[in-house]
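Participant: Coordinates for the following, if possible.
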Amino acid sequence: MTIAENLIVTGLGITTIGLFAGIVYQAVSEAIDRRRYPPHGELVDIGGFRLHLNCVGQGTPTVVMDAGGGAPSITWGLVPSEIAKFTRVCTYDRAGLGWSDPNFRTPRTSQQSVDELHKLLNKAGIEPPYILVGHSLGGANMRLYASQYPKDVVGLVLVDSVHENQMTSDAWRRIQRQLWLYQVMRIANQVGVLRLIGELNLLPMLKDIKQETQKYPSAVQALFDTYKSYCYRPHYWATVYSERASIGKSFEQLQTVISLGELPLIVLIQGAKDPQISDERFQKWSSLQLDLTKLSSNNQHIIAENSGHLVPLDQPELVISAVHQLIQRLSTQRIFYD
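Facilitator: Residues are numbered from 1 along each chain as shown. Here you go, the predicted structure:
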């Protein structure tokens, strides 16, 4: 063998050993994470894969909550435990997020999420009526659910929800750049590279999230390590990629939801502009949020003056109060369910 050939063979050998070590490191670490951060609630098989569901509290109607794009149910922070003081509340993780198994049989559109949530509630025996609460992308999913199962839903809370008319050419370009990054992170996760970088505190995304959580109560800060463990799972980034790549299709599905009739609707809108967002973008977002109130003739909107997009963490009391208002309104109207 020539010197060049020896170098190539040596390089390939080192690369193979490195990849094998990374795969083993990833597999062992994932197993440790699953023991260290067991799911709260239950894992329900809805047909070849399991979704994580956590229901607490007692009472009716049942509040069902769906988190934002790429976000696990723990990002609701303190909201579910407070709602559980006056009624039953169920949070769940969409397929591939949090503690739920992935499902890549079809693209991760809003309709797919609605179909899976409906199966989950039926399989778990969570009977209607429901008050649906959705943040960001979760708002789109809950809006679609309410339109397709109107007899089951008695109230809807949209928390700074996405809107089908929000996309601009600049926004689409940002998404394309993000999709490339998600693919890289998915591959890096499979061989343990992303986990290694993250554990060395060198991953900018996790550093930013950890810093951001410092302003929240200690109970919310404590969720960071659990959230980080989700980010190290290979299917997590594949799921985020599919949700984001399918956002155009999800918005097409939303365009069919023109009216929810007289369904009690509360729209919570962020009031504190992110410094990185232009005034024009912020004004457009606010205008689209107000447009969501037109979905129902029985509507109310509330400005979260001290919140950015993460209203459930910035001002959780507003989400809790909105749900409580709807329940009181139903009680006043003498709508009771046994």
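
Participant: residues in contact with residue 30?
Facilitator: 232-233 (CB atoms under 8 Å, 6 or more residues apart in numbering). Just so you know, the C-beta spots here come from the backbone N, C-alpha and C atoms, and that holds for glycine as well.

Participant: Per-residue confidence, it, what does it come out as?
Facilitator: Per-residue confidence (pLDDT) for residue 30: 72.

Participant: Show me what counts as buried in stretch 152-167.
Facilitator: Using 16 or more other CB atoms under 10 Å as the test for burial, stretch 152-167 gives 152-164.

Participant: from the residues you listed, which single one is nearest residue 145?
Facilitator: Closest approach between the buried residues of stretch 152-167 and residue 145, by CB to CB: residue 153, at 7.1 Å.

Participant: quick one: the nearest residue to that closest one once chain neighbours are set aside and residue 76, what's the gap?
Facilitator: Nearest residue to residue 153, sequence neighbours excluded (CB to CB, 6 or more residues apart in numbering): residue 146, at 4.5 Å. With distances taken as CB to CB, to the nearest Å, residue 146 is found 19 Å from residue 76.

Participant: Confirm that the residue nearest to residue 153 lies within a helix, as I assumed.
Facilitator: Yes. Counting by DSSP: H, G, I helix; E, B strand; the rest coil, residue 146 falls inside a helix.

Participant: Quick check: it touching residue 132?
Facilitator: Yes. Between residue 146 and residue 132 there is a contact under CB atoms under 8 Å: 5.8 Å.

Participant: Next, show the common contact partners of those two.
Facilitator: Counting by CB under 8 Å, 6+ apart, the shared contacts of residue 146 and residue 132 are 153, 156.

Participant: Provide the count of other residues in contact range of the residue nearest to residue 262 when sequence neighbours are not counted.
Facilitator: Nearest residue to residue 262, sequence neighbours excluded (CB to CB, 6+ apart): residue 298, at 4.7 Å. The local packing of residue 298 (other CB atoms under 10 Å) involves 14 other residues.

Participant: pLDDT score for residue 298?
Facilitator: The model reports residue 298 with a pLDDT of 95.

Participant: could you pull out the helices for the stretch 101-250 of the chain?
Facilitator: Shown for the stretch 101-250 of the chain, the helices assigned by DSSP state H, counting those that start in this stretch span residues 110-123, 137-148, 169-190, 193-199, 204-213, 218-221, 224-231, 234-245, 247-254.

Participant: Give the buried residues for the last one.
Facilitator: Same thing as helix 247-254. Buried residues in helix 247-254, counting neighbours by 16+ other CB under 10 Å, are found at 247, 250-251, 253-254.

Participant: And for the fourth one?
Facilitator: Applying a neighbour-count criterion of 16+ other CB under 10 Å, one finds 193-196, 198 buried in helix 193-199.

Participant: Of the buried residues of helix 247-254, which is the nearest to residue 122?
Facilitator: Nearest to residue 122 among the buried residues of helix 247-254: residue 253, at 20.9 Å, using CB to CB.

Participant: List the contacts of that closest one.
Facilitator: Contact analysis of residue 253 by CB under 8 Å, 6+ apart lists 109-111, 144.

Participant: Closest one of the residues you listed to residue 86?
Facilitator: Nearest to residue 86, judged by CB to CB, of the contacts of residue 253 is residue 144 at 26.9 Å.
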